[in-house]
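Asks: Curious how this folds, go ahead:
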Amino acid sequence: MTRTTPVLEIEDLHVRYGGSHILQGVDCDVPATGVTALLGRNGVGKTTTLRAIIGLAPRTGRIRLHGREIQRLATARIVRGGIGYVPEDREVFGGLTVEENLRLVDPERGVDAPVVERLFPELVRRRGQRAGTLSGGQQQMVALARVLLRENALLLIDEPTKGLAPKLVTEVADVLAEVSRTTPILLVEQNLPLVRRIADRVVVLDAGQVVHRGAAAELVADVALTRELLGVSMRREGAA
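Replies: Numbers count the residues shown, from 1 in each chain. Reported below is the predicted structural model:
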C-alpha cells in the first residue's frame, strides 16, 4: 500500500430505504492522506454515504478498505478493521463522566492517553465532569477523542462543527488538521471556510450521485461553481 493508493474505494454504491433510492451509484475514492470533504445540499445523501461505509445503512455496490472488500461485513468488524466514525449527533454518554466515556474505549488510560493529553487538554481538566453537562463543543471533543483512542486507517466525521460558536469551530478545525497529518479523514461539512482551511479534496453529491470531484481550493475559489453545486457562498461564518 503506497501513499498514492486510495485508502477507501467506493464503486456503484446504492442505498434504498423503503421506496426511496437515496444513493444512486456513488463512485469515489478517499486518498490515503489528508482531508476529503464530502459536500452537497441538505438531503443529497452525505450522511447516508458515511453510514453505508460503516455498515449502518442497507447498501449494494463495492467498498474497499486498503483493497479489501468490506461491504458484506458487520459494523463491528469494519470498526475493528480500522474505520472510525464520529456521527453528527456525537452520541456521548451524558450520564457518564468524560473519564468514563473514554475508558469505555481504552480502559487502561482513558483521559491519560497521550493523544488526549496532546489534543484535548480541556478534557483532561474536565475528566470528572458528566458529559451531559458539557457544552456542544466539549461534547464534540469527547466524541473525537473517543474515536482517536483506537488505531484508525480512516476516520469518517459527520458535521463536527454543526451548531458550534465560531471560536469552537476554530478549535475543532485545529484538531482535525492535526489528526489528518497521520490519519486520512472523510469529512461531511457545510462550513465552507473550514473546508477551505483544512480540506485537500472535495467530492460533491447531488440527488444521490457524485457530480464533482477535485481540489478543495479550486472549488471554494470558484464562486459561481460553489453556488451552482452547493447553493451557498463563501460569506458563511465559521473557521477560516
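
Asks: Contact partners for the residue nearest the centre of the chain?
Replies: The centre of the chain sits closest to Ile157, judged by C-alpha atoms, centre = their mean, with a distance of 1.4 Å. Contact criterion C-beta atoms under 8 Å, 6 or more residues apart in numbering gives 85-86, 144, 176, 185-188 as the residues in contact with Ile157. C-beta here means a position set from N, CA and C on the backbone, and glycine is covered the same way.

Asks: filter those residues to the buried ones?
Replies: 85-86, 144, 176, 185-188 (16 or more other C-beta atoms under 10 Å).

Asks: Using TSV, lay out the residues you listed together with distance to Gly214.
Replies: Putting those into TSV (distance: C-beta to C-beta, whole Å) gives the following:
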residue	distance to Gly214
Tyr85	25
Val86	25
Leu144	27
Leu176	20
Ile185	17
Leu186	16
Leu187	16
Val188	17
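
Asks: Could you dump those residues into TSV and include pLDDT?
Replies: Listed next are those as TSV, based on pLDDT from 0 to 100:
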residue	pLDDT
Tyr85	96
Val86	95
Leu144	95
Leu176	95
Ile185	98
Leu186	98
Leu187	98
Val188	97
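
Asks: if we can go back for a sec, among the contacts of Ile157, which are in strands?
Replies: The strands in this structure, assigned by DSSP state E, contain 85-86, 185-188 from these.

Asks: So which of these is the closest to Ala221?
Replies: Using C-beta to C-beta, Leu187 is the member of the ones in strands among the contacts of Ile157 that sits closest to Ala221, with 18.8 Å.

Asks: where along this structure do the strands fall?
Replies: Shown for the chain, the strands assigned by DSSP E span residues 8-17, 20-30, 35-39, 59-65, 68-69, 83-86, 154-158, 185-188, 201-206, 209-215.

Asks: Among those, which comes closest to Asp106?
Replies: Judging these by C-beta to C-beta, what sits closest to Asp106 is strand 83-86, at 13.2 Å.

Asks: contacting residues around the closest one?
Replies: The list of residues contacting strand 83-86 from outside it, by C-beta under 8 Å, 6+ apart, reads 50, 53-54, 65, 70, 79, 143-144, 147-148, 150, 152-158, 160.

Asks: Separate out the buried members of those.
Replies: The neighbour-count test (16+ other C-beta under 10 Å) applied to the contacts of strand 83-86 identifies 50, 53-54, 65, 70, 79, 143-144, 147-148, 152-158, 160 as buried.

Asks: hang on, the earlier thing: just put the ones in strands among the contacts of Ile157 in JSON lines and tack on distance to Asp29.
Replies: Compiled in JSON lines, the ones in strands among the contacts of Ile157 are given as follows (distance: C-beta to C-beta, whole Å):
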{"residue": "Tyr85", "distance to Asp29": "19"}
{"residue": "Val86", "distance to Asp29": "21"}
{"residue": "Ile185", "distance to Asp29": "14"}
{"residue": "Leu186", "distance to Asp29": "10"}
{"residue": "Leu187", "distance to Asp29": "15"}
{"residue": "Val188", "distance to Asp29": "16"}
